[in-house]
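[1] the amino acid sequence is not available; the structure is as follows:
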């Protein structure tokens, strides 16, 4: 996992801590998602530019989301990922015997190959696939845009929250 650290935001942190907790957390989460949306869009553009898109399903599977596990009240995380569809096991004789009826399973379809594009493979001769990092390159290419989007979204959230707080007073 790669983290972006921006120095010089001590005033912003103090201002965020002065705001009501709910407003500060929502504003921070919203701004982090704005940054990851830029990475998601660039990752999709990288896939198209690299000629890796055979069907639209891979583009639809590239998503971004909020990471609750690695977030706290003053630090929010989001990630860009490739999402598989899920399906339930059917009620068949074999599935009943295995005890898996109704349980979820990953339905890869045609998007299983995304990891070969991103990470490559190791194999003899023609079977080796060189990694063409579309997600990592998207992150690296859009670093400044991400920071600007996060800053703009935070500024908007703080102004909106400050107006809300001042109207109640």
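    Sure thing, it's come through. Quick caveat: nothing in here was measured; it's all calculated off a predicted structure.
[2] all strands of the chain, in order?
    For the chain, the strands defined by DSSP state E occupy 62-67, 77-82, 85-88, 104-107.
[3] of those, which approaches residue 165 most closely?
    Closest of those to residue 165 is strand 62-67, at 24.2 Å (criterion: C-beta to C-beta). For the C-beta atoms, the positions are set from N, CA and C on the backbone; glycine is no exception.
[4] got JSON lines for the strands of the chain, with mean neighbour count too?
    Output for the strands of the chain, formatted as JSON lines (neighbours: other C-beta atoms under 10 Å):
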{"stretch": "strand 62-67", "mean neighbour count": "16"}
{"stretch": "strand 77-82", "mean neighbour count": "18"}
{"stretch": "strand 85-88", "mean neighbour count": "12"}
{"stretch": "strand 104-107", "mean neighbour count": "11"}
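[5] residue 147: which of those is closest?
    That would be strand 77-82 among those, by C-beta to C-beta, at 13.9 Å.
[6] so what strands line up beside that closest one?
    Here strand 77-82 is paired, per DSSP bridges, with strand 62-67 (antiparallel).
[7] neighbouring contacts of the partner strand?
    With contacts defined as C-beta atoms under 8 Å, 6 or more residues apart in numbering, strand 62-67 is touched by 29, 32-33, 36-37, 39-40, 43-44, 47, 76-83, 135.
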